[in-house]
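Undergrad: Coordinates for the following, if possible.
(one chain, ligands or ions: 1)
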Amino acid sequence: MSGAATGPVIQAQDVHKSFGSLEVLKGIDLTVDRGEVVCLLGASGSGKSTFLRCVNHLETVDRGFILVDGQLIGSDLVQGRLQQARPPVVAERKSRIGMVFQQFNLFGHMTVLENVILAPMRVKKESRAVAVERGVRLLERVGLGAKRDSYPSHLSGGQQQRVAIARALAMEPTLMLFDEPTSALDPELVGEVLDVMRDLAASGMTMVVVTHEMGFARHVASTAVFLSEGRIIEQGPPEKVIGAPTHERTRSFLGKVL
Ligand SMILES: Nc1ncnc2c1ncn2[C@@H]1O[C@H](COP(=O)(O)OP(=O)(O)OP(=O)(O)O)[C@@H](O)[C@H]1O
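TA: Numbering: from 1, shown residues only. Below you'll find the predicted structure:
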């Protein structure tokens, strides 16, 4: 895969995004290097999810651009020119990004294993045997090998979220995006999902994580990025951003969540 092995995984430059008259992102510059784990922090409405959705091209940006592995994912306005990638190219590039949301969105009529092998078979046209072999391995990796033939409704929320992580990994992404992956879970189930994410980080996966879990941000992230009203106002090692924030808005937010 050309350009996939070197250079930053994400290069976002001067990213602007509005919804009608609401300016949500006001010029985000962010570079994420290979193997880096970046936690996006900030008050509700500061633009964290919108930025993540722009990276995954679930939203288009109004100004600026985002490169993943040095390439545009879909259509972006780059220096005044609209560059449009063809749909098969978009699908191939998007498959490098795995995304895990607050909601697990598993297909209830399919078994856990079928949920995990669906995208590789449909999008990457893998044979069932290849997809199953990897799916079983990934379910074991997230601690759910014994649940492969269960249906999602028979699993706890934490288990369903771990299946959602395995499903994202089944596409062999180079980048994983997490949008508040534990916020819909009962408190006692949060730890098992964070453990899986911690293992993933330790394996060298490049990750961007929107979270209010300060323990994870402090101990697992390599960089903490604090957004306020659509701008990055603080960025650096977690112990600095979380432990000794310099900006008043960061202090005020952390004062409420810590
Ligand atoms: N599709 C949309 N249409 C209109 N407004 C939107 C849309 N998506 C997000 N917004 C608005 O953009 C702003 C930023 O939302 P976003 O979800 O990015 O914030 P956030 O920092 O992730 O907040 P939270 O922590 O509550 O999820 C909010 O005011 C939200 O209501």
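Undergrad: For residue 183, list the residues it contacts.
TA: Each residue near residue 183 by C-beta atoms under 8 Å, 6 or more residues apart in numbering is listed here: 102, 211, 212. To be clear about C-beta, it is placed using only N, CA and C from the backbone, and glycine gets the same treatment.
Undergrad: Out of those, which end up buried?
TA: Among these, the ones that count as buried by 16 or more other C-beta atoms under 10 Å are 102, 211, 212.
Undergrad: Three-state assignment for the first one, please.
TA: Translated: residue 102. coil (DSSP: H, G, I helix; E, B strand; the rest coil).
Undergrad: Hmm, residue 180 and it touching each other?
TA: Yes. Assessed by C-beta atoms under 8 Å, residue 102 is found in contact with residue 180 at 4.7 Å.
Undergrad: picking that back up, kindly present the contacts of residue 183 as CSV, with separate columns for pLDDT and distance to residue 52.
TA: Output for the contacts of residue 183, formatted as CSV (pLDDT from 0 to 100; distance: C-beta to C-beta, whole Å):
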residue, pLDDT, distance to residue 52
102, 93, 11
211, 94, 11
212, 91, 14
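Undergrad: would you turn these into JSON lines with distance to the ligand?
TA: Shown next, in JSON lines, are those (distance: C-beta to the nearest ligand atom, whole Å):
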{"residue": "102", "distance to the ligand": "8"}
{"residue": "211", "distance to the ligand": "10"}
{"residue": "212", "distance to the ligand": "8"}
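Undergrad: if we can go back for a sec, need the buried ones among the contacts of residue 183 in TSV with distance to residue 148, can you?
TA: TSV is the format used below for those (distance: C-beta to C-beta, whole Å):
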residue	distance to residue 148
102	24
211	28
212	32
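Undergrad: from the residues you listed, which is closest to residue 117?
TA: Using C-beta to C-beta, residue 102 is the member of the buried ones among the contacts of residue 183 that lies nearest residue 117, at 23.7 Å.
Undergrad: Got phi/psi on that closest one?
TA: With angles defined as degrees, to the nearest 10, residue 102 sits at phi -60, psi -40.
Undergrad: check contacts around it.
TA: Each residue near residue 102 by C-beta under 8 Å, 6+ apart is listed here: 179, 180, 181, 183, 184.
Undergrad: ok, so what distance separates it from residue 122?
TA: Relative to residue 122, residue 102 is positioned 24 Å away (C-beta to C-beta, to the nearest Å).
Undergrad: Residue 159 contacts residue 148, correct?
TA: No. With contact defined as C-beta under 8 Å, residue 159 does not reach residue 148; the gap is 11.8 Å.
Undergrad: And the pLDDT at residue 249?
TA: Listed pLDDT for residue 249 reads 88.
Undergrad: actually residue 95, not the one I typed
TA: Listed pLDDT for residue 95 reads 69.
Undergrad: Same question for residue 91.
TA: pLDDT, read off for residue 91, is 60.
Undergrad: Neighbours of the closest residue to the ligand within the stretch 51-200 of the chain, how many?
TA: Nearest to the ligand in the stretch 51-200 of the chain, going by C-beta to the nearest ligand atom, is residue 180, at a distance of 6.4 Å. By other C-beta atoms under 10 Å, 19 other residues sit near residue 180.
Undergrad: residues touching it, list them.
TA: Taking C-beta under 8 Å, 6+ apart, one finds 49, 101, 102, 210, 211, 212 in contact with residue 180.
Undergrad: List just the nearest of the contacts of residue 183 to residue 71.
TA: Of all these, residue 71 sits closest to residue 211, with 27.2 Å by C-beta to C-beta.
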